[in-house]
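**Q** need a structure here:
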Amino acid sequence: MKKYIFYIASILLFVQCAQRGTPSGGPKDITPPKLVRAVPDTLSTNVSTKLKEINLYFDELVQLRDYSKNIIISPPVEPAPTFLPAGTASREVQVKFNDTLRPNTTYTINFGKSIVDNNEGNPYSFFTYVFSTGKTIDSLTLSGEVKDMMSNEPLKDIVVALYEVGKNYSDSVVFKEKPYYIAKVDSANRYEFKYLKAGKFRLVAFEDKVPNVKIDLKQEKMAFASEIIDTQTTRVAPTLALFTPEQGYRYQDGKQEGYGRINFYVTGNPEKMEVKPISHDLGELLQIHREYSDTLQMYFNPEKANFKDKRTRLKFTLTHDAVTDSIPTVLYDNSIKYNFKVYGGTDDMTPAKKLQIGADYPIDTFNTKFISVKKDSVALDFTVQKINYRKLQIDFPIQWESKYQVELLPGAITNWFGKENDTVAIDFGTKRERDYGNLELILQNKPDSPFWLKLFDSSNKEIYSIYTTDSKFDFKFLPPKKYHFQIWVDENKNKRYDTGNILENRQPEPVYIYPDPINVKAFWDVKETWVLPKKE
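**A** Next comes the predicted model:
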């Protein structure tokens with residue numbers, strides 16, 4: 001009997017011990033941690049400027065996750081405070097200050113989603129701790145919206161900033177210093193500043209890819225309000241439109257890009273620039289630089305340069321805006337062999353398209369005697385024109401459900417080096433007309449200035465770009481897929497799109513994005529009307 005009782009007691013003890021763990025399959029904890037107490041209390045006033053730390057106590061163990069990305073302090077505190085716990089769990093979060101605070105200032109610490117419970121990682125989302133070293137808590141607010149000029153996609157990691165405009169303020173401050181107030185854009189592309197003081201501020205938004213709360217022109221888009229914001233009279237700010245900022249001129253690099261070709265790269269998209277060799281006589285040069293582009297291509301004939309070594313360091317000067325400077329040497333590898341390639345673009349050829357022939361070196365001349373075009377082996381009449389320095393267009397009648405043969409014999413194309421192409425055979429066929437769709441676009445309230453109408457496919461590849469003042473457009477024989485439009489306005493009519501510049505208080509030229517993708521189906525005609533906003 002004693003053995004039996006001992007056996008039952010052992011089983012009960014085992015079951016009780018087994019039940020001490022968390023039952024599998026039970027409800028998941030989705031409750032975020034709760035703040036129990038704060039020292040000093042949130043919304044405290046007359047806090048000492050020599051405050052050493054803030055202590056936040058929670059009802060359960062918490063961790064700080066990605067706090068360097070999540071926590072925003074306004075105005076910024078330098079040097080940055082220390083946040084604890086770091087890498088461990090605790091019921092207490094500490095903010096340790098490493099220097100004195102500003103007098104008569106309201107501070108906000110937005111923890112974002114950094115405070116999470118230890119078990120499930122539930123965030124105590126966007127908790128904001130507020131205190132003042134003065135007698136009152138500043139209470140003004142400012143809200144608004146940010147969009148991307150070139151996309152309708154939701155924004156990520158966008159910082160909105162207010163820079164105080166004082167006696168010594170200049171707009172270059174936005175590139176050098178941290179802002180006075182900081183907010184982040186939410187999933188609806190909106191933001192809100194709270195606990196603002198009365199004053200005048202420059203309102204700016206930017207990507208913070210380099211997480212230093214400063215604008216990096218090389219990597220980050222930005223936006224700004226044209227007018228200075230007075231927080232005493234403004235509650236809703238104008239919509240901010242992110243753009244890629246204009247960069248100042250700067251030489252970047254020179255690099256060999258094949259036989260007899262060196263590319264020189266700059267920032268700032270200069271109108272004109274020119275290079276000149278100073279270490280070697282390279283003979284006749286061909287320099288190609290499209291206005292306002294960031295690359296200059298220079299061609300020379302290595303056979304006439306008479307390089308003695310396999311690798312040669314070449315020195316150049318570069319002239320831009322009437323200023324000539326020496327630039328770093330460029331290493332030229334003379335062992336790279338000449339190879340002239342000619343190719344044809346035949347993707348989805350239709351009666352609305354022209355065959356284009358490309359070359360990997362500048363085309364000097366072409367000779368139609370060495371070009372033939374056939375349809376099902378029957379010769380066709382054709383014309384040829386040069387459309388840019390590396391591309392020809394061959395025009396001939398193209399019909400549906402047909403096969404074409406285009407042949408370029410040696411001598412059809414002579415490049416800048418005086419060398420001819422090898423034989424090139426280009427064969428292609430056309431599909432049925434019913435395999436394509438047509439798209440008609442009508443614009444209402446079209447811009448007063450000329451503009452570029454751009455058509456993109458579902459992969460965001462640019463299909464057409466037209467510089468125009470028209471209001472009706474027909475796109476024939478489009479492959480069935482989804483498309484969307486953009487309009488880039490050339491307000492100053494200089495035939496280039498001008499982005500913004502905060503130092504000149506110049507906003508980028510307007511861009512309009514069609515709100516929804518257009519589904520073009522095979523053997524369908526689609527007609528769309530785009531009503532643009534009226535100019536105020």
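**Q** switch to C-alpha atoms for all contacts and neighbour counts from now on
**A** Noted.
**Q** Please enumerate the strands of the stretch 201-350 of the chain.
**A** Here the stretch 201-350 of the chain has its strands, by DSSP state E, counting those that start in this stretch, at 222-224, 229-230, 240-242, 250-256, 261-267, 274-277, 286-288, 295-299, 311-320, 323-333, 342-345.
**Q** Quick one: distance of the first one to the chain centre.
**A** Mean C-alpha position of strand 222-224 versus that of the full chain (CA atoms, centre = their mean, to the nearest Å) differs by 13 Å.
**Q** Show me what that strand is packed against.
**A** Packing contacts for strand 222-224, counted by 3 or more CA pairs under 8 Å, 6 or more residues apart in numbering; DSSP states H and E, involve strand 200-207, strand 240-242.
**Q** circling back: let's have the strands of the stretch 201-350 of the chain in a markdown table, adding distance to Glu504, mean neighbour count and mean pLDDT.
**A** Shown next, in a markdown table, are those (distance: least, CA to CA, whole Å; neighbours: other CA atoms under 10 Å; pLDDT from 0 to 100):
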| stretch | distance to Glu504 | mean neighbour count | mean pLDDT |
| --- | --- | --- | --- |
| strand 222-224 | 12 | 26 | 97 |
| strand 229-230 | 17 | 20 | 98 |
| strand 240-242 | 16 | 23 | 97 |
| strand 250-256 | 19 | 15 | 94 |
| strand 261-267 | 18 | 19 | 95 |
| strand 274-277 | 27 | 18 | 95 |
| strand 286-288 | 30 | 15 | 95 |
| strand 295-299 | 25 | 21 | 95 |
| strand 311-320 | 21 | 16 | 94 |
| strand 323-333 | 23 | 15 | 94 |
| strand 342-345 | 43 | 16 | 91 |
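**Q** Make a markdown table from the helices and strands packed on strand 222-224 and add distance to Phe485 to it.
**A** Listed next are the helices and strands packed on strand 222-224 as a markdown table, based on distance: least, CA to CA, whole Å:
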| stretch | distance to Phe485 |
| --- | --- |
| strand 200-207 | 25 |
| strand 240-242 | 18 |
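**Q** rewinding a little: export the strands of the stretch 201-350 of the chain to TSV and tack on distance to Asp59?
**A** Converted to TSV, those look like this (distance: least, CA to CA, whole Å):
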stretch	distance to Asp59
strand 222-224	41
strand 229-230	41
strand 240-242	40
strand 250-256	56
strand 261-267	54
strand 274-277	69
strand 286-288	69
strand 295-299	60
strand 311-320	65
strand 323-333	62
strand 342-345	67
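**Q** Of these, which is nearest Asp448?
**A** Closest of these to Asp448 is strand 240-242, at 20.9 Å (criterion: CA to CA).
**Q** Any chance you could list what contacts the closest one?
**A** Strand 240-242 is contacted by residues 145-149, 204-206, 221-225 when judged by CA atoms under 8 Å, 6 or more residues apart in numbering.
**Q** Just the buried subset of those, please.
**A** Buried subset of the contacts of strand 240-242 (neighbour count, 16 or more other CA atoms under 10 Å): 145-149, 204-206, 221-225.
**Q** Closest one of those to Tyr169?
**A** Val204 (14.5 Å).
**Q** so what's the closest one bridging to?
**A** Ala161, Phe224 (DSSP bridges).
**Q** in terms of contact, does it touch Ala161 like I think?
**A** Yes - shown here, Val204 and Ala161 form a contact pair, counting by CA atoms under 8 Å, at 5.2 Å.
**Q** and the closest residue to Val165 other than its chain neighbours, what does it touch?
**A** Nearest non-adjacent residue to Val165, counting by CA to CA, 6 or more residues apart in numbering: Phe201, 5.1 Å away. For Phe201, the contact set (CA under 8 Å, 6+ apart) comprises Leu162, Tyr163, Glu164, Val165, Ile228, Ile229, Asp230, Thr231.
**Q** now these as TSV including distance to Lys482?
**A** TSV is the format used below for the contacts of Phe201 (distance: CA to CA, whole Å):
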residue	distance to Lys482
Leu162	40
Tyr163	42
Glu164	46
Val165	47
Ile228	41
Ile229	41
Asp230	44
Thr231	44
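**Q** Out of these, which is nearest to Pro351?
**A** Closest approach to Pro351 among those (CA to CA): Ile228, at 54.9 Å.
**Q** Tabulate the buried ones among the contacts of strand 240-242 (TSV), appending distance to Thr42.
**A** Listed next are the buried ones among the contacts of strand 240-242 as TSV, based on distance: CA to CA, whole Å:
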residue	distance to Thr42
Glu145	28
Val146	30
Lys147	33
Asp148	36
Met149	39
Val204	28
Ala205	28
Phe206	30
Lys221	35
Met222	33
Ala223	33
Phe224	32
Ala225	32
